[in-house]
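Colleague: I'd like to go over a predicted model; first the sequence, then the structure.
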Amino acid sequence: PGPDHQQVRKLSMQKAARPAASSSSECTTLHSICWLCGCIAVLLHLLSSFCCSPALLVADPIATSPDKASHAATQAYINGSDKPFKWLQYWYPVHALDQIDPSKPHAVELLGKQLVLWCDGQGDWQAMEDACPHRLAPLSEGRVETDGTLQCSYHGWRFNSQGKCTEIPQAIDEKAKAVACSSSRSCVARYPVRQEFGLLWVWPTSGPDAERQAAAAHLPVSKALHEAWAAGRQPTWYRRQLAYSWDILTENLSDPSHLPFSHHNLFPGLERSSAGPMPFTRVQLATGNSPEEIADRPVWCIPEQAPLAAYSYPASFTADGSVSFTPPCSVIYDSTVNPIQTELLAVPAGPGRSLVFTAGVFRREMPKIQPWDVLKAVVTNPQQASSVLARAIMQRQPKYKNHLRSNKLFDQDNVFLHGQDVKLAMRGKDNWPKEYYMPVSCDGAIASARRWADAALQQRLTSSTTNGQAAPLAAEALSLTQRTVAAASRQTKRDINDRLNQHTKHCTICQKAMKQRKADVAQFTARALGAAVIGWLAGVLLPKVLSLQYATAAAVPPGVAAVVAVVLGLCAAAAAAVLAAAHKELEQFVYVEYNHAENH
């Protein structure tokens, strides 16, 4: 071939080579893109796995809260203690002094211990082990004798305020009795008691060292309650036994975000429609106990003990609210615009059982609210009008009415909390980080309380041993576990909301009101029946009587019998309406069927 042909061939070969080179380059580029996409996919998978891990889900409330150091602050509180928390070296409330009957003994449970409370001849309350040393019969089924001793009703043994046996009727003679009564085995274990701030407090350790330790320890009440009590503004406490564990109760009390939903329309301003975001901001407080640090803490703090967690928050029902938790018992709600501070105490009774105490503490003297005060609030400060109206109503109601309202408040939560206690126990209480998904900052107080409980519940109740066996962990004695959950899971809704046995039977205020309501029912039943019978007789017999009286007249005065019958009928209807209202209120002391779906 000639030079022209060779040139054409060369150009053709170059042209043919170009697609191959281009194809190779495109394959290399495609391979790079696939490799990059694969890396991105792996990275996204790892990131997704990390973000959805239980550990991070627990941290969500803290991570999304304005104060991202909440978790560290909680850990510092736990780790900063000189020694682990000792459950048996703390004061716990067990009863309200104005609601407990001093004429008989009372059974209470505290930290798994069965105790008997009774009032001796000097008017002082005592707390002892609820077991007669004779054959372990419950002393709470006994009697308080006229000489101020506690008698076991099984065999008549008697005990004084120190727990010493003073009488054994079966002893053959005085010498035998003296020998038996002088034995330490005839004594009942006695626990230190204090009667302050309207409550009966028990230190759940016995012995001479316990008296000394208890005397030096503080009561877990706020500075505001100290000041109010000293000024004569003494609050009325509400007490109730609950069918779920202390840790679940503490969660509930520390959670203001459930109020507009669970307690819809219970108080003015609590409505589902007004619920919304509730951003929590951690309140920074000094944790030391120097006089200066104690003085600097707000009035909602316990003077001798800084809270584990305290948060401020805005909400539809309070413009400037705060909630704090101080282990193991105290939860306090406060608002700068509301003169009433809510003081709550959560007491561990046993697995699946707890005690709650609530009171409204007035931080300053409050005059009685008049109708025009409510109208003024509506015009000048509509956001607080509902609070003013609620205070006006409560100021005019007898104490038992507030107790009935508190009964309803806990009824609204009890089914939730019992079910939560059972489910979490079945899955393992220490698995709450996996089981709870808490992505909002208003769960911060709950997360803080849970972390503290994790550490505290792993402590043994005491360091001593019994028959070579170590004392149980607090988790076993105070909270439901997979081993103890079966019995609790069988409780019905009526068991869970049993007002009669959880509150009324232990409250002399409500017992008196219930007795009066029973009398009202009997009285208005008699009146309604009497009016109905008289009305019937008037309608049947009165025309005949009038006909005889007016026999000589042309006619009986028209409508006389009808008017009498109508008047008596109206009286019967009014009596029946009052009777129905009394019946309805009487039920509120016993049990009320509650369904959230019907709370519109």
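Modeller: Structure received. Numbers count the residues shown, from 1 in each chain.
Colleague: how far out from the middle of the chain is stretch 300-307?
Modeller: 20 Å (C-alpha atoms, centre = their mean, to the nearest Å).
Colleague: Pull the contacting residues for Pro84.
Modeller: For Pro84, the contacting residues are 455-456, 459, by C-beta atoms under 8 Å, 6 or more residues apart in numbering. All C-beta spots, glycine's among them, are computed from the backbone N, C-alpha and C.
Colleague: secondary structure class for Gln114?
Modeller: Three-state assignment for Gln114 (DSSP: H, G, I helix; E, B strand; the rest coil): strand.
Colleague: Indicate each strand paired with the helix or strand encompassing Pro348 and its parallel or antiparallel sense.
Modeller: Pro348 is part of strand 338-350 when elements are defined by DSSP states H and E. Strand 338-350 pairs in its sheet with strand 330-335 (antiparallel), strand 353-362 (antiparallel), by DSSP bridges.
Colleague: The residue lying closest to Asn431 once chain neighbours are set aside: helix or strand, and which one exactly?
Modeller: Nearest-residue entry for Asn431: Leu424, 7.8 Å, with adjacent residues in sequence omitted and distances by C-beta to C-beta, 6 or more residues apart in numbering. Using DSSP H and E, Leu424 sits in helix 399-427.
Colleague: Could you point out the helix or strand that follows that helix?
Modeller: Counting by DSSP H and E, the element after helix 399-427 in chain order, helix or strand, is helix 432-435.
Colleague: now the helix or strand following that next one: mean pLDDT?
Modeller: Proceeding N to C from helix 432-435, the next assigned helix or strand is helix 444-456, under DSSP H and E. In this model, helix 444-456 has a mean pLDDT of 92.
Colleague: and the angle from helix 444-456 to strand 338-350?
Modeller: 30 degrees (axes from the mean of the first three to the mean of the last three C-alpha atoms, to 10 degrees).
Colleague: which helices and strands does helix 444-456 pack with?
Modeller: In this structure, helix 444-456 packs against helix 54-64, helix 70-79, helix 246-253, strand 309-315, strand 318-326, with contacts taken as 3 or more C-beta pairs under 8 Å, 6 or more residues apart in numbering; DSSP states H and E.
Colleague: I'd like the distance from stretch 505-522 to the chain centre, please.
Modeller: 24 Å.
Colleague: Which helix or strand contains His226?
Modeller: With DSSP H and E as criterion, His226 is part of helix 223-230.
Colleague: Given the helix or strand following that helix, what are its sheet partners and their directions?
Modeller: Sequence order places strand 238-242 as the next helix or strand after helix 223-230, per DSSP H and E. Here strand 238-242 is paired, per DSSP bridges, with strand 353-362 (antiparallel).
Colleague: any idea of the angle the partner strand forms with helix 399-427?
Modeller: Going by the same axes, to 10 degrees, strand 353-362 makes 140 degrees with helix 399-427.
Colleague: what's in contact with strand 353-362?
Modeller: 93-94, 96, 108-109, 198-199, 222, 224-225, 228, 233, 235-246, 248-249, 253, 339-349, 406, 410.
Colleague: I'd like to know which of those residues are buried.
Modeller: 93-94, 96, 108-109, 198-199, 222, 224-225, 228, 233, 235-246, 248-249, 253, 340-349, 406, 410 (16 or more other C-beta atoms under 10 Å).
Colleague: follow-up on the earlier one: point out the most buried one among the strands paired with strand 338-350.
Modeller: Among the strands paired with strand 338-350, the stretch with the highest mean neighbour count (mean count of other C-beta atoms under 10 Å) is strand 330-335, at a mean of 24.
Colleague: okay but Cys301 is in contact with Lys223, surely?
Modeller: Yes - contact status for Cys301 versus Lys223: in contact at 6.1 Å, counting by C-beta atoms under 8 Å.
Colleague: pLDDT below threshold where in the stretch 351-500 of the chain?
Modeller: 465-468 (pLDDT under 70).
Colleague: how about a cut-off of 80?
Modeller: For the stretch 351-500 of the chain, the stretches with pLDDT under 80 are 364-369, 371-372, 381-396, 463-470.
Colleague: what's the answer for the stretch 101-250 of the chain, then?
Modeller: For the stretch 101-250 of the chain, no range has pLDDT under 80.
Colleague: Okay, strands next: where are they in it?
Modeller: Secondary structure of the stretch 101-250 of the chain by DSSP state E, counting those that start in this stretch: the strands cover 106-110, 113-119, 125-129, 143-144, 150-151, 158-159, 165-167, 190-191, 193-196, 199-202, 238-242.
Colleague: Please convert those to JSON lines, extending it with distance to His583.
Modeller: Listed next are those as JSON lines, based on distance: least, C-beta to C-beta, whole Å:
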{"stretch": "strand 106-110", "distance to His583": "29"}
{"stretch": "strand 113-119", "distance to His583": "33"}
{"stretch": "strand 125-129", "distance to His583": "36"}
{"stretch": "strand 143-144", "distance to His583": "35"}
{"stretch": "strand 150-151", "distance to His583": "39"}
{"stretch": "strand 158-159", "distance to His583": "43"}
{"stretch": "strand 165-167", "distance to His583": "47"}
{"stretch": "strand 190-191", "distance to His583": "42"}
{"stretch": "strand 193-196", "distance to His583": "38"}
{"stretch": "strand 199-202", "distance to His583": "34"}
{"stretch": "strand 238-242", "distance to His583": "23"}
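Colleague: re the thing from before, return the member of the contacts of Pro84 nearest to Arg135.
Modeller: Nearest to Arg135 among these is Gln459, at 33.2 Å by C-beta to C-beta.
Colleague: Cross-check the contact I'm expecting between that closest one and Phe85.
Modeller: Yes - counting by C-beta under 8 Å, Phe85 is a contact partner of Gln459 at 6.3 Å.
Colleague: just to revisit the earlier point, so for Cys301 and Lys223, which residue has more residues nearby?
Modeller: Cys301 (24 against 18; other C-beta atoms under 10 Å).
Colleague: any idea how far that one is from Thr492?
Modeller: Distance, Cys301 to Thr492, using C-beta to C-beta, to the nearest Å: 40 Å.
Colleague: Comparing the helices and strands packed on helix 444-456, which yields the minimum mean pLDDT?
Modeller: helix 54-64 - the lowest mean pLDDT of those, at a mean of 34.
Colleague: Secondary structure element holding Pro328?
Modeller: Here Pro328 is assigned to no helix or strand, by DSSP H and E.
Colleague: ok, it touching Leu88?
Modeller: No - taking contacts as C-beta under 8 Å, Pro328 lies outside contact range of Leu88: 11.5 Å.
Colleague: quick revisit: for the strand holding Pro348, the distance to its chain's centre please.
Modeller: Distance, centroid of strand 338-350 to centroid of chain: 8 Å (C-alpha atoms, centre = their mean).
Colleague: Not counting sequence-adjacent ones, nearest residue to Trp432?
Modeller: Arg450 (5.8 Å).
Colleague: Could you report the distance from that neighbour to Pro472?
Modeller: Applying C-beta to C-beta to Arg450 and Pro472 gives a distance of 21 Å.
Colleague: which one of the two has more residues nearby?
Modeller: Of the pair Arg450 and Pro472, Arg450 is the one with more neighbours under other C-beta under 10 Å, namely 22 against 14.
Colleague: so what's that one up against?
Modeller: Counted by C-beta under 8 Å, 6+ apart, Arg450 has contacts 247, 251, 432.
Colleague: and with 10 Å instead?
Modeller: By C-beta atoms under 10 Å, 6 or more residues apart in numbering, the residues touching Arg450 are 58, 74, 247, 250-251, 254, 429-430, 432-433, 436, 438, 443.
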